[in-house]
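Q: Sequence first, then the predicted structure:
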Amino acid sequence: MKKVSVIGSGGWGTALAVMLDKYGHDVTIWCRREEAAKAIKENSENSEYLPNIPVRETIKVTADDKEAVENAEIVINAVPSKHVRTTMTRFSPILKEGQIIVNVAKGLEGGTYLRLSQVIKECVPQCEVCTMVGPTHAEEVGKGIPTVCAVSCDNMATAKMVQSEFGNPTFRLYTNADTIGMEMGAALKNIIALAAGMSDGLGFGDNTKAALITRGLAEICRLGIAMGGKLETFMGLSGVGDLIVTCTSMHSRNRRAGILLGQGKSLEETLTEVHMVVEGANTAKAALMFSEKYNVDMPIIKAINEVLYEGKDARKAVIELMMRSSKDEINFLKNE
C-alpha cells in the first residue's frame, strides 16, 4: 500500500480518496481553501461536491501544501484543467524526483491548448506523470460501484505499478501506452456531451442523441488520429466508454449544461446553475483550433462553438447539421 496525496477536493478527487482509503492506502486530501478542509473534517463528508459519501477519519485533510505532498509516493492531480498549471507550479518546489503524479483531470489548457500531461511535465519535470481516465462518475466511485479505467505513462512500468496499486474489487485498471489518444478522447467527449444535452433540452429523442454520439465519435477519431492518437484507444475506455457515460447520465455536468443551453439559457446562466466546472465549454475553442490546424472536418464541434460563443440558436444549428451535403458513412476517418 502507498502513501497517496490527492490534490484537489472536488467530487472526483474526494471519491478517489475515499476509494483508496477503503482499500488500505494512506491518503491525504489537499484543499485550496482552509475553510473547505475544515468543513470536510467537521462534517465527515464533502458536502459541497460529493454529499452523502462518508470521508473517514483515516483520511487526512489539509490546506497545507507541504503537509499534503511531502511524504507522498503517489500524487493525484484532481484540479480542473484551468487550474492545473498554477497548482502544479505551486507544488513543484516541494515535489521530489521519485514521486509519481497521476493526472485524473480531463480537458486541454486554455490559451496554450496543451494536453494536461504536457502542462504537468513543464511544471514538475522532476516527476514521472501518468494519465488515468475512463468512464467514471465520482458519485458512483465514492459508493463503491464497479468502475473501469485506463492508465498511461511514458514509462509503462510505472503505469503497471499504478494499475497494481489502485486496482481493487470495485476499480479495475487497464494499461494503455497511447497517452495522446487517452487525453484527447477524454477531453473531446465533453464537447459531444454538451451536444447530447442540448438535444435533450430541445426535446429531441433517443434517435437524435444516438446520431450525435456516433457522429461525434467520428469527429473525435479524425482529430485524435491526426494528432497522433490510435484508433483502438478511441474505441476503448477513454473514447467510446467515456463518451457513452458522459452523454447519457444525469451525473454528467457537461450533459446537464447542454440541457440548460438547449432550453435557451445563456452560457453564463448555465455555468452558474451547474455550479461545477464544465470542461466541454472550455475545450470547445481548443478543439475548433485543432480542427483548423490539422485540416480536420468537425461539423458538430463547430456548431457547438457557434452556439456557445456566437449566439447561434441551438435548434437552427441542428437543422444545419441535418441539411449538410450527403456523405458516405463508412469512410468516417475522412473529412466527411
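A: Cool, the structure landed.
Q: quick one: low-confidence ranges for this protein?
A: 335-336 (pLDDT under 70).
Q: roughly how far apart are the residue nearest the centre of it and residue 153?
A: If you average the C-alpha coordinates of the chain and look for the closest C-alpha using Cα atoms, centre = their mean, you land on residue 106, 2.8 Å from that point. For residue 106, the distance to residue 153 under the criterion Cβ to Cβ, to the nearest Å works out to 17 Å. Backbone N, C-alpha and C define where each C-beta goes, glycine included.
Q: ok, now residue 255?
A: Distance of residue 255 to residue 153, computed by Cβ to Cβ: 30 Å.
Q: For residue 286, give me its contacts.
A: Neighbour list for residue 286: 108, 110, 113, 187 [criterion: Cβ atoms under 8 Å, 6 or more residues apart in numbering].
Q: hmm, back to that, if you drop the residues flanking it in sequence, what lies closest to the residue nearest to the centre of the chain?
A: Counting by Cβ to Cβ, 6 or more residues apart in numbering, residue 106 lies nearest to residue 186, which is 4.2 Å off, once chain neighbours are set aside.
Q: Tell me how many other residues surround that neighbour.
A: For residue 186, the count of nearby residues is 31 (other Cβ atoms under 10 Å).
Q: got the CA coordinates for the helix or strand containing it in PDB?
A: Taking DSSP states H and E as the definition, residue 186 sits inside helix 179-201. The C-alpha coordinates for helix 179-201 follow below in PDB (Å, rounded to 0.1, in the frame of the first residue of the first chain):
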ATOM      1  CA  THR A 179      -1.300   8.900 -23.800                       C
ATOM      2  CA  ILE A 180      -2.200  11.200 -26.700                       C
ATOM      3  CA  GLY A 181      -5.300   9.200 -27.600                       C
ATOM      4  CA  MET A 182      -6.400   8.800 -24.000                       C
ATOM      5  CA  GLU A 183      -6.200  12.500 -23.200                       C
ATOM      6  CA  MET A 184      -7.800  13.700 -26.400                       C
ATOM      7  CA  GLY A 185     -10.600  11.200 -26.100                       C
ATOM      8  CA  ALA A 186     -11.200  12.300 -22.500                       C
ATOM      9  CA  ALA A 187     -11.200  16.000 -23.500                       C
ATOM     10  CA  LEU A 188     -13.200  15.900 -26.700                       C
ATOM     11  CA  LYS A 189     -16.100  13.800 -25.400                       C
ATOM     12  CA  ASN A 190     -17.100  16.600 -23.100                       C
ATOM     13  CA  ILE A 191     -18.000  18.700 -26.100                       C
ATOM     14  CA  ILE A 192     -20.100  16.000 -27.600                       C
ATOM     15  CA  ALA A 193     -21.800  15.600 -24.200                       C
ATOM     16  CA  LEU A 194     -22.800  19.300 -24.400                       C
ATOM     17  CA  ALA A 195     -24.400  18.500 -27.800                       C
ATOM     18  CA  ALA A 196     -26.200  15.500 -26.400                       C
ATOM     19  CA  GLY A 197     -27.500  17.600 -23.600                       C
ATOM     20  CA  MET A 198     -28.700  20.300 -26.000                       C
ATOM     21  CA  SER A 199     -30.600  17.600 -27.900                       C
ATOM     22  CA  ASP A 200     -32.400  16.700 -24.600                       C
ATOM     23  CA  GLY A 201     -33.000  20.300 -23.800                       C
END
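Q: and the angle for the helix or strand following that helix with helix 179-201?
A: Using DSSP H and E, the helix or strand that directly follows helix 179-201 along the chain is helix 206-226. Computed with axes from the mean of the first three to the mean of the last three Cα atoms, to 10 degrees, the direction of helix 206-226 lies at 160 degrees from that of helix 179-201.
Q: Now do helix 206-226: which elements does it pack against?
A: In terms of contact count using 3 or more Cβ pairs under 8 Å, 6 or more residues apart in numbering; DSSP states H and E, helix 206-226 is assigned the packing partners helix 179-201, helix 231-234, helix 242-248, helix 279-293, helix 299-309.
Q: Out of these, which is the most enclosed?
A: Most buried of the helices and strands packed on helix 206-226, by mean neighbour count (mean count of other Cβ atoms under 10 Å): helix 179-201, with a mean of 28.
Q: which parts of stretch 148-165 are buried?
A: 149-153, 158-159, 161-163, 165 (16 or more other Cβ atoms under 10 Å).
Q: List phi and psi for residue 229.
A: Main-chain dihedrals, residue 229, degrees, to the nearest 10: phi -80, psi 170.
Q: related to what we said a few turns ago, now render the helices and strands packed on helix 206-226 as TSV, adding distance to residue 332.
A: Written out in TSV, the entries for the helices and strands packed on helix 206-226 read as follows (distance: least, Cβ to Cβ, whole Å):
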stretch	distance to residue 332
helix 179-201	14
helix 231-234	10
helix 242-248	14
helix 279-293	15
helix 299-309	12
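Q: rewinding a little: and the contacts of residue 286, which of them are in helices?
A: Counting by DSSP state H, the part of the contacts of residue 286 found in helices is residue 187.
Q: Export the contacts of residue 286 as CSV, with columns for distance to residue 78.
A: Listed next are those as CSV, based on distance: Cβ to Cβ, whole Å:
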residue, distance to residue 78
108, 17
110, 18
113, 21
187, 16
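Q: Buried only: go through the contacts of residue 286 for me.
A: 108, 113, 187.
Q: of those residues, closest to residue 53?
A: When the buried ones among the contacts of residue 286 are compared for distance to residue 53, the smallest value, 26.2 Å, is given by residue 187; criterion: Cβ to Cβ.
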